[in-house]
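Enquirer: sequence unknown, structure follows:
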């Protein structure tokens, strides 16, 4: 065969090879990092902030739920740590029922509507009366001092 005929055959083979569909299952990767206080997974959760902040993992605004229901809390840009850990890169979740976020530097109160997750918990089960309720997720430091507006997320849910 003449060398001049090999060039078009090689080009045709390259075009066919490049246009073959790929198996997306074999190229999909999930990265999971685990430490003693939290698990972080690469996510496509629309509630997850782009850079940093807190978010509801399993609930979105105006979801309808049946009481009791599970609340999963996420954070991006800081690490969940138990109360008493005094590192600017860490904190823990607080859930405020039917209330607004806590101003930066203010202590998050502890009462029936301000739930503290000082052991580093990221999941809880809530029982609320039927009707609409706001849930405000607030991140705070090791002494319960709020990280403020930038570290809160608020949604409204309807409980049946």
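Expert: Ah, there it is. Nothing here was measured: the structure is a model prediction, and the numbers come from that model.

Enquirer: Of all residues in the chain, which one is nearest the centre?
Expert: residue 74 (3.6 Å; CA atoms, centre = their mean).

Enquirer: Surely that residue and residue 53 touch.
Expert: No: look at residue 74 against residue 53 with CB atoms under 8 Å: they stay out of range, at 9.2 Å. Backbone N, C-alpha and C define where each C-beta goes, glycine included.

Enquirer: thought residue 96 was touching residue 110?
Expert: No: with contact defined as CB under 8 Å, residue 96 does not count as touching residue 110 (11.1 Å).

Enquirer: Neighbour count: those two, which is higher?
Expert: Taking neighbours as other CB atoms under 10 Å, residue 96 and residue 110 compare with residue 96 leading, 21 against 12.

Enquirer: separation between the more buried one and residue 50?
Expert: Here the criterion is CB to CB, to the nearest Å. By it, residue 96 lies 23 Å from residue 50.

Enquirer: what's the burial count for residue 84?
Expert: Residue 84: 10 surrounding residues under other CB under 10 Å.

Enquirer: Which strand or helix spans the residue nearest to the centre of the chain?
Expert: Taking DSSP states H and E as the criterion, residue 74 maps to strand 69-76.

Enquirer: which residues in this protein form helices?
Expert: In the chain, the segments counted as helices under DSSP state H are 3-18, 24-27.

Enquirer: So what pairs up with the nearest residue to residue 141 once chain neighbours are set aside in the strands?
Expert: Residue nearest to residue 141 in three dimensions, not counting chain neighbours: residue 91, with 5.1 Å by CB to CB, 6 or more residues apart in numbering. When bridges are called by DSSP bridges, residue 91 pairs up with residue 80.

Enquirer: next one: the one 5 residues further on
Expert: Bridge pairing for residue 96 (DSSP bridges) gives the partners residue 114, residue 136.

Enquirer: quick one: it from residue 51, how far?
Expert: 23 Å.

Enquirer: can you check residue 112 too?
Expert: From residue 112 across to residue 51, the span is 33 Å (CB to CB).
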